[in-house]
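>>> model this:
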Amino acid sequence: VADFDHWLRYLSAERFIREILVEKLGIKYLIVGQGFLFGRDRIGSYAVLKKLSRIYGFKTVEIKKIKINNQIVSSTKIRALIQKGKIAQANQLLGRKFSLSGKVKQGSSRGRILGYPTANIQPEQEIIPAGGVYVVLVRLNQQIYPGILNIGHCPTFPEKKKSSPTIEVHIFNFNHQIYGNRLEVCFIKKIRSEKRFISRQALAAQIRKDELRARQILI
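The predicted structure is shown next:
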């Protein structure tokens, strides 16, 4: 992984090809999307890339833009959908389920008190879906488990409010100690937004409803 520092930012298109792709990576075949630009001032077009590929001895091909429901698929559009919590639409454009990975860290243990123990995840990536409750599949040690996940600020417990949202997943029929383990959570569908409940009992009752709905979706 190359840091996007001052040196890389002002690297010309040809030097990027020669010094990074050819000399460092030994590139043989390069696939780019339609409209791809690279190098200083973004002057490296596909035509430039084709010319350089002949000089430095590798092959290249341009993939045409893909449309789904008359919308061009792009990473920008997908990120926006994820950040709005529109997981089903994002998954359609991705061609797979959006997933979030991270290690399980020590939490407040409120979920266990409510009867729904959760794994508190420290995410590895920057894109986090909008707050709310999601139906998910959890990959742990090559096994897949169904569950529900909450992203938010725990409004029922305002004394614990933090600037960054917590990410907690309840795995169905699972009661093992997994602190420090790495999880991958695949998002299926958002089922509701986060809300404040008048009591712990009311919250627990809602979580039971969330679990029943999630099980129905996962059937």
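>>> Which stretches in this structure count as strands?
Counting by DSSP state E, the chain has strands at residues 29-33, 59-63, 67-68, 71-72, 99-105, 119-123, 132-140, 143-152, 166-171, 182-192.
>>> mean pLDDT lowest for which of those?
When mean pLDDT is averaged over each of the strands of the chain, strand 71-72 scores lowest at a mean of 85.
>>> Spell out which strands sit alongside that strand in the sheet and which way each one runs.
According to DSSP bridges, strand 71-72 forms sheet pairs with strand 67-68 (antiparallel).
>>> Please state the offset of the partner strand from the chain centre?
Remark: strand 67-68 is offset 21 Å from the chain centroid, using CA atoms, centre = their mean, to the nearest Å.
>>> State the distance from residue 107 to residue 166.
If you measure residue 107 against residue 166 using CB to CB, to the nearest Å, the figure is 7 Å. The C-beta positions use only the backbone N, C-alpha and C, and glycine is treated the same way.
>>> Report the set of residues contacting both of the two.
Between them, residue 107 and residue 166 share the neighbouring residues residue 120, with contact defined by CB atoms under 8 Å, 6 or more residues apart in numbering.
>>> Can I get the strands of the chain in a markdown table including mean neighbour count and distance to residue 42?
Written out in a markdown table, the entries for these read as follows (neighbours: other CB atoms under 10 Å; distance: least, CB to CB, whole Å):
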| stretch | mean neighbour count | distance to residue 42 |
| --- | --- | --- |
| strand 29-33 | 13 | 13 |
| strand 59-63 | 13 | 16 |
| strand 67-68 | 10 | 24 |
| strand 71-72 | 12 | 19 |
| strand 99-105 | 17 | 31 |
| strand 119-123 | 19 | 31 |
| strand 132-140 | 21 | 37 |
| strand 143-152 | 19 | 35 |
| strand 166-171 | 22 | 36 |
| strand 182-192 | 18 | 33 |
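>>> for those strands, which one sits closest to residue 49?
Ranking the strands of the chain by their distance to residue 49 (criterion: CB to CB) puts strand 59-63 first, at 5.5 Å.
>>> Save the strands of the chain as CSV, and put in distance to residue 45 too.
Compiled in CSV, the strands of the chain are given as follows (distance: least, CB to CB, whole Å):
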stretch, distance to residue 45
strand 29-33, 10
strand 59-63, 10
strand 67-68, 22
strand 71-72, 19
strand 99-105, 33
strand 119-123, 36
strand 132-140, 40
strand 143-152, 40
strand 166-171, 40
strand 182-192, 36
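>>> Poorly predicted segments of the chain, please.
Low-confidence segments of the chain, defined by pLDDT under 70, span residues 108-113, 158-163.
>>> hey, where'd the helices end up in it?
With DSSP state H, the ranges of helices along the chain come out as 6-9, 13-15, 46-56, 75-83, 87-94, 110-114, 200-218.
>>> Packed most tightly, which of these would that be?
With neighbours defined as mean count of other CB atoms under 10 Å, the helices of the chain peak in mean count at helix 87-94, which reaches a mean of 19.
>>> Can you tell me what sits against that helix?
Contact partners of helix 87-94, identified using CB under 8 Å, 6+ apart, comprise 68, 71, 73, 77-78, 81-82, 97-98, 129, 134, 187-190.
>>> repeat for stretch 169-178
Taking contacts as CB under 8 Å, 6+ apart, the residues outside stretch 169-178 that touch it are 104, 111, 116-119, 121, 136, 138, 140, 145-150, 183, 185, 207, 211, 215.
>>> Compute the distance between the residue lying farthest from the centre of the chain and residue 48, please.
Here the chain has its C-alpha centre computed as a mean, and the residue farthest from that point, by CA atoms, centre = their mean, is residue 55 with 37.9 Å. Relative to residue 48, residue 55 is positioned 11 Å away (CB to CB).
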